[in-house]
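Participant: just coords:
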């Protein structure tokens, strides 16, 4: 436990030191490195991860997949509850804690999302959002091996959530913990099957499209739905008719 707390403190110190290394004008100072990691992720995903996720979706019955997804979402309620609390959103923290209790009991350890059936709202928050809520900027955009788009702030938040708040971390048996993480990763990749196909077909530069979409989405989440960044670029220049002033109406 002491070792985990030490890593947690070092992670927080790291974010405070480097979060300012990317300006608003240059949010991607590590673009060369990031594109290399993006290419590695893309090749690995198409060769191994995506086929496995596709096979899992084809073979596993829908109720099984839904139950597994509900289970991990229920675990996420613990993380959300703590981060809502850290942002002083006490009502949302109570709601997320309530979702966890309801689904863990009446929903059979979260396999059934009873809380959503009862129309209990969802208030997802992570530690990256918590840091943003208290004024810490994104820092440099990062592409993580296997995990994909992130930022200095969000990577630090992910580390803190994983080491301190995620119940899976506290599974004593390493083998069981690793298997659980593997199933969680597969479940998340299966959720994103349609999204990755859309990105590949929507842009001349999927890397830039994903980067801009990610940063815009994270900004929206931190601001609780208020968009403050420019819309994500699709890689195309606007046509002349799109930029021409609208004709006056009488």
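Facilitator: Sure thing, it's come through. Source: prediction; values computed, not measured.

Participant: mind checking how far residue 163 is from residue 127?
Facilitator: 10 Å (C-beta to C-beta, to the nearest Å). (C-beta placed from N, C-alpha, C; glycine too.)

Participant: Of the two, which one has the most company?
Facilitator: The neighbour count for residue 163 versus residue 127, taken as other C-beta atoms under 10 Å, is higher for residue 127 (26 against 15).

Participant: just checking, that one touches residue 157?
Facilitator: Yes - counting by C-beta atoms under 8 Å, residue 127 touches residue 157, with 3.7 Å between them.

Participant: So what's the gap between stretch 49-61 and the chain middle?
Facilitator: Centre-to-centre, stretch 49-61 and its host chain are 21 Å apart (C-alpha atoms, centre = their mean, to the nearest Å).

Participant: Could you do stretch 126-133 as well?
Facilitator: On C-alpha atoms, centre = their mean, the centre of stretch 126-133 falls 12 Å from that of its chain.

Participant: Now it: average pLDDT?
Facilitator: Computed over stretch 126-133, the mean pLDDT rounds to 97.

Participant: buried residues in the single longest helix found in the chain?
Facilitator: With DSSP state H setting the assignment, residue counts place helix 62-86 as the longest helix in the chain. For helix 62-86, the neighbour count (16 or more other C-beta atoms under 10 Å) marks 65, 67-86 as buried.

Participant: List of residues touching that helix?
Facilitator: With C-beta atoms under 8 Å, 6 or more residues apart in numbering as the test, helix 62-86 has contacts from 56-57, 90, 92-94, 96-97, 99-100, 103-104, 107, 109-113, 122-127, 129-130, 161, 165-168, 183-184, 187-188, 190-191.

Participant: So what's the gap between that helix and the chain middle?
Facilitator: Worked out by C-alpha atoms, centre = their mean, helix 62-86 lies 13 Å from the chain centre.

Participant: Do you have the strands of the protein handy? List them.
Facilitator: Secondary structure of the chain (DSSP state E): strands at 141-144, 148-151.

Participant: Make a markdown table from these and add distance to residue 211, mean pLDDT and mean neighbour count to it.
Facilitator: Formatted as a markdown table, the strands of the chain follow (distance: least, C-beta to C-beta, whole Å; pLDDT from 0 to 100; neighbours: other C-beta atoms under 10 Å):
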| stretch | distance to residue 211 | mean pLDDT | mean neighbour count |
| --- | --- | --- | --- |
| strand 141-144 | 6 | 97 | 21 |
| strand 148-151 | 6 | 96 | 22 |
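
Participant: before we move on, the earlier item: buried only: go through the contacts of helix 62-86 for me.
Facilitator: 56, 92-93, 96-97, 99-100, 103-104, 107, 110-113, 123, 125-127, 129-130, 161, 165-166, 184, 187, 190.

Participant: Now do the phi/psi pair for residue 171.
Facilitator: phi -70, psi 120 (degrees, to the nearest 10).

Participant: going forward, begin numbering at 707 instead of 1
Facilitator: In the new count, where the first residue is 707, that last one comes out as residue 877.

Participant: Hmm, residue 886 and it touching each other?
Facilitator: Yes - if you go by C-beta under 8 Å, residue 877 and residue 886 touch, sitting 6.5 Å apart.

Participant: so where's this protein uncertain?
Facilitator: 707-731, 906, 908-909, 932-956 (pLDDT under 70).

Participant: and if we set it to 80?
Facilitator: Within the chain, the stretches with pLDDT under 80 are 707-731, 900-909, 931-956.

Participant: what ranges do the helices span in it?
Facilitator: Counting by DSSP H, the helices of the chain are 708-724, 737-750, 756-765, 768-792, 796-811, 820-823, 833-839, 858-866, 880-897, 899-908, 912-928, 946-949.

Participant: Thank you, goodbye.
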